[in-house]
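> kindly generate the corresponding structure for this input.
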Amino acid sequence: MSPNTNKYLTYKIIARIIVLVLFGLIFKSFDLSFIKDNPDYNTRSLVFVTMYVIVGFLIWEGAVRISKFTERKLSQSGNRKKLIVLCSVFLLYGVIAAFAFGFIYAVTDIFFFNRYEAWDSFTLPSYDLIFGSFLFYFLILAFNGIIFYYRQWRENLLHTERLMRENTEAKYEALRNQIDPHFFFNSLSVLTNLVYKDPDIAADYITQLAKTYRYILDKKFENMVILETELNFLESYLFLINIRHQNSINIEIDLDDDIIKKCLIAPATLQMLFENAIKHTRFSLTSPLFISLKRDNNWLIVKNNLCKKQNSEASSGLGLENIKKRYELIGNNSIIICETNDSFIVKIPVILPL
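Residues are numbered from 1 along each chain as shown. Okay, the predicted model is just below:
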């Protein structure tokens, strides 16, 4: 048995004894046979409370064991059946416990003090002591039930939270895994053309591709990264893009050093947004694509001029949906997507470490 378990059992026993002592003192105050002027008042009170604690502790433990046994046997039954059976069992057990307590109290009073008031009352059908014992049995049971069901409620709550967290992590992992093939297959498509056109540039492209893909692999299991790290990755990615598109893409990044070093961002978010702009916008050397990144209060703004391709394939929305869901799973944050006649804007919430 672990030290924590021993400590818990000790605290539980002490708590029960304290409750039983209080109940014993209250119960004694209702017994008219306790008269302060009697010479044996203090001794009799001590014996009564001690007897009450011992018997009450045994009755309490018996109720707990019956509760656990009954619930285990009815684990496959419905809640209504459980409630009916438990109430019936505890009612019967309470009657037996009340009579047992009354009998033990009467015998103890006779044995130690040669007093027959409790015994005389015990033999009467309208014995008030039995009713009082039965009442206090239910008070003890109710107290124990509150503690027991509160603990069960806490355990169920923690279990539910753990399942929700595991479910969230599983969803987030699935979303992160979408980045790898999405980015990798687009890069291979570019590389295929470069190998035939210029082997030297293709070699440089492979080197930079390795750096960018290493970033994705390294950050695969991280929910958030520092913006500075993401911008370094974006720089490598843009090197690959510029090899293909030459000077037809203009990038403007206007961010303070403070936000660059402190702001947190989901890995590959900027790369996916820049890739989305390149994929769905028509541009050329004479009509370049402009992409800007700046901060506006609590948002990072990624904006590009919009000139949709005439015969482009329908967008699956995978990239934007991926980013949107990842931010929702991270902490109930969400991105904002705005589209006008001449621009496409995505707002990313600024997340700063606590």
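> state the pLDDT value of Phe183.
Note for Phe183: predicted pLDDT of 63.
> brain fart, Gly331
pLDDT at Gly331 comes out at 68.
> element containing the residue nearest in space to the middle of the chain?
Nearest to the geometric centre of the chain sits Glu161, at 3.1 Å (CA atoms, centre = their mean). Using DSSP states H and E, Glu161 sits within helix 128-177.
> any idea which helix or strand carries the residue lying closest to Ala266 once chain neighbours are set aside?
In space, and not counting its chain neighbours, Ala266 is closest to Arg326: 4.9 Å by CB to CB, 6 or more residues apart in numbering. C-beta: built from backbone N, CA, C; applies to glycine. Using DSSP H and E, Arg326 sits within helix 318-331.
> show me what that helix is packed up against.
helix 128-177, helix 179-197, helix 269-280, strand 343-349 (3 or more CB pairs under 8 Å, 6 or more residues apart in numbering; DSSP states H and E).
> what's near enough to touch the nearest residue to Met272 once chain neighbours are set aside?
Sequence neighbours aside, Gly319 is the residue nearest to Met272 in space, at 4.5 Å (criterion: CB to CB, 6+ apart). Gly319 makes contacts with 182, 272-273, 275-276, as judged by CB atoms under 8 Å, 6 or more residues apart in numbering.
> show me which pair in those is furthest apart.
Longest distance between any two of the contacts of Gly319 is 12.7 Å, between His182 and Leu273; criterion CB to CB.
> for Ser287, give me its contacts.
Counted by CB under 8 Å, 6+ apart, Ser287 has contacts Cys307.
> give me the pLDDT for the residue nearest to Ala266.
pLDDT, Arg326: 81.
> isn't it up against Ala268?
No: the criterion here is CB atoms under 8 Å, and Arg326 misses it with Ala268 at 9.6 Å.
> so for those two, which sits in the more crowded spot?
Neighbours were counted for Arg326 and for Ala268 using other CB atoms under 10 Å; Ala268 has more, 28 against 23.
> please pull out the lowest mean pLDDT helix or strand from this protein.
In the chain, the helix or strand scored least confidently by mean pLDDT, DSSP states H and E is helix 128-177, which has a mean of 64.
> distance of Ile345 from Phe283?
17 Å (CB to CB, to the nearest Å).
> the more surrounded of the two?
Phe283 (19 against 16).
> so that one sits against Lys309, correct?
No: in this structure Phe283 lies outside contact range of Lys309 using CB under 8 Å: 9.4 Å.
> these two touch, right, Glu228 and Ile259?
No: counting by CB under 8 Å, no contact exists between Glu228 and Ile259, whose distance comes to 9.5 Å.
> Leu158: neighbour count?
10.
> make 12 the first number, not 1, from now on.
Okay, using 12 as the starting number, the last item reads as Leu169.
> quick check: the gap between it and Ser78.
In terms of CB to CB, Leu169 sits 21 Å off from Ser78.
> and Ile334, by the same measure?
According to CB to CB, Ile334 stands 51 Å off from Ser78.
> same thing with Val236?
Applying CB to CB to Val236 and Ser78 gives a distance of 51 Å.
> before we move on, what about Lys305?
64 Å.
> neighbour count for those two, which is higher?
Ser78 (18 against 15).
> where's the host helix or strand of the more buried one relative to the chain centroid, distance-wise?
Using DSSP H and E, Ser78 falls within helix 52-84. On the basis of CA atoms, centre = their mean, to the nearest Å, helix 52-84 sits 38 Å off its chain's mean C-alpha point.
> elements contacting the one helix or strand Ile270 maps to?
For Ile270, the host element (DSSP H and E) is helix 268-273. If you count contacts as 3+ CB pairs under 8 Å, 6+ apart, helix 268-273 packs onto helix 238-256.
> what residues does the helix it packs on touch?
So helix 238-256 is in contact with 198, 201, 204-205, 212, 215-216, 219-220, 222-223, 226, 230, 260, 262, 264, 266, 270-276, 278-282, 285, 289, 294, 311, going by CB under 8 Å, 6+ apart.
> average pLDDT across it?
On average, helix 238-256 scores 88.
> dump it to CSV, restricted to CA.
Only the C-alpha atoms of helix 238-256 are listed here, as CSV (Å, rounded to 0.1, in the frame of the first residue of the first chain):
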residue,chain,number,x,y,z
LEU,A,238,7.0,33.7,-34.9
GLU,A,239,10.7,34.3,-35.5
THR,A,240,11.2,30.6,-36.1
GLU,A,241,8.2,30.5,-38.5
LEU,A,242,9.6,33.5,-40.4
ASN,A,243,13.0,31.7,-40.8
PHE,A,244,11.1,28.8,-42.2
LEU,A,245,9.1,31.1,-44.5
GLU,A,246,12.3,32.6,-45.8
SER,A,247,13.6,29.2,-46.9
TYR,A,248,10.2,28.4,-48.5
LEU,A,249,10.1,31.7,-50.4
PHE,A,250,13.6,31.0,-51.7
LEU,A,251,12.1,27.9,-53.4
ILE,A,252,9.1,29.8,-54.7
ASN,A,253,11.3,32.6,-56.2
ILE,A,254,13.3,30.1,-58.1
ARG,A,255,10.2,29.1,-60.0
HIS,A,256,8.5,32.5,-60.2
